[in-house]
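**Student:** Here is my input, please return the structure:
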Amino acid sequence: MGDNHNGNIDLRLMDEIFEQYQGQRGVLIPILQKAQDKYGYLPPEVIQLIAKRQGISVSKVYGVATFYAQFYLEKRGRHILRLCDGTACHVKGTPILATAIEEHYGIDAGETTADGELTVEIVYCIGSCALAPVTVLDGEVMGRMRQNVLLRTLKKQTNAATTL
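**Tutor:** Predicted coordinates:
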């Protein structure tokens, strides 16, 4: 993504985004969306640059970025696993799935493995209650999930290191 080899953020990736929205008003959200598409999240350096180029305060940019759930202020994994913990999924076993992930990968919901492969998130109802418990890996819905199947699927589709 937008990190170069030494770990610094390549702010030149923002040039074409600013060109696209030059002179337009009310474009903060689309700029944030495109920036996140470039970097995978919104690094502090990018937020500061957006504020400067748009002539608004850094706190306003952070305010918008933290208000909307679609924006991420921390680097996320190459693979995103969402565990539904709505009522039906919770009753049918999401806590067991979360514990299996925690024990196997050493991360809790909202965290990313140290190797940057896997981020785990808890969501509250994705509308597939009849398939409880439901997980979503990289946008693919997987219903009636069991911990052994989930761990096997993760092992096959990611290179995330386990703590075992």
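
**Student:** contacts, neighbours, all on C-alpha from now
**Tutor:** Will do.

**Student:** how about the strands in the chain?
**Tutor:** 79-84, 118-123, 135-137, 140-142 (DSSP state E).

**Student:** In the last one, which residues are buried?
**Tutor:** Of the residues in strand 140-142, those with enough neighbours to count as buried (16 or more other C-alpha atoms under 10 Å) are residue 142.

**Student:** ok, now stretch 150-164?
**Tutor:** Quick answer for stretch 150-164 (16+ other C-alpha under 10 Å): 150, 154, 160-162.

**Student:** With residue 63 as the reference, name the closest of the strands of the chain.
**Tutor:** In terms of C-alpha to C-alpha, the element of the strands of the chain nearest to residue 63 is strand 118-123, at 21.5 Å.

**Student:** Report the angle between that closest one and strand 79-84.
**Tutor:** Angle, strand 118-123 to strand 79-84, by axes from the mean of the first three to the mean of the last three C-alpha atoms, to 10 degrees: 20 degrees.

**Student:** what's the average pLDDT for strand 118-123?
**Tutor:** For strand 118-123, the mean pLDDT works out to 96.

**Student:** Stretch 156-164 now?
**Tutor:** Mean predicted lDDT for stretch 156-164 stands at 81.

**Student:** neighbouring contacts of that stretch?
**Tutor:** Identification of contacts with stretch 156-164 by C-alpha atoms under 8 Å, 6 or more residues apart in numbering yields 79, 103-106, 113, 115-118.

**Student:** Fine by me, thanks again.
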